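Student: could you work out the structure for the sequence below:
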Amino acid sequence: MNQPEGTGIEYQKYVDVDGSQYKLHVFMPSRAFKLGARVAKFLGEPAVAMAGASEDKISDALSSAVKALTSNLHEEEVWALIVEMLQCVTFESKPINVDNHFKGRLGHLLKVTAEVMKFQFNDFFSAIGQAIADVTKKASV
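Tutor: Numbering: from 1, shown residues only. Presented below is the predicted three-dimensional model:
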């Protein structure tokens, strides 16, 4: 079962990235929240932009967020976070070894990471963005 009836929540999703099919599995809330908080902490403005992005602009916002992630963190922290985020991904029904699977395909790695972020954290960043928008609206009144 992909989702509980009536909730609109997907627990798994297939994505096509550059012609390769990946299956994404939702993280448990405790892990997702911790990862989302780490991502938000390091992304700053891009996280807010992602939260406020319309559905048709979320891919652009995620791309900017991944770029910001790689420029704002120490490379070991970036790598550890990406590897941890990709633990929810299977390829051909098997977990992926990030080093082997993406060898020579760093652009592809970033695209898959962006898909994971979109799948795992879309509602998390949307909620943050809505809270910021609400506070901003109240402050301007």
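Student: just the helices in the chain please.
Tutor: For the chain, applying DSSP state H gives helices covering 29-43, 45-52, 58-72, 75-85, 98-101, 106-140.
Student: pick out the shakiest of those, pLDDT-wise.
Tutor: Among these, helix 45-52 has the lowest mean pLDDT, at a mean of 59.
Student: Trp79 and Ala40: what is the separation?
Tutor: For Trp79, the distance to Ala40 equals 19 Å [CB to CB, to the nearest Å]. C-beta here means a position set from N, CA and C on the backbone, and glycine is covered the same way.
Student: now do Ala32
Tutor: To Ala40, Ala32 is 12 Å away according to CB to CB.
Student: try Ile82
Tutor: Ile82 sits at a distance of 16 Å from Ala40 (criterion: CB to CB).
Student: for Arg38, which non-adjacent residue is closest in space?
Tutor: Leaving aside its sequence neighbours, Arg38 sits nearest to Leu81 (CB to CB, 6 or more residues apart in numbering; 6.2 Å).
Student: pretty sure that neighbour is touching Ala40, no?
Tutor: No. Assessed by CB atoms under 8 Å, Leu81 is found out of contact with Ala40, at 11.7 Å.
Student: residues contacting Leu106?
Tutor: Going by CB atoms under 8 Å, 6 or more residues apart in numbering, Leu106 touches no other residue.
Student: ok, the spatially closest residue to Ser63 that is not a sequence neighbour - how many residues close by?
Tutor: In this structure, Ser63 finds its nearest non-sequential neighbour in Ala114, 6.0 Å apart by CB to CB, 6+ apart. Using other CB atoms under 10 Å, Ala114 is surrounded by 21 other residues.
Student: try the one 5 residues further on
Tutor: Per other CB under 10 Å, the neighbour tally for Phe119 reads 19.
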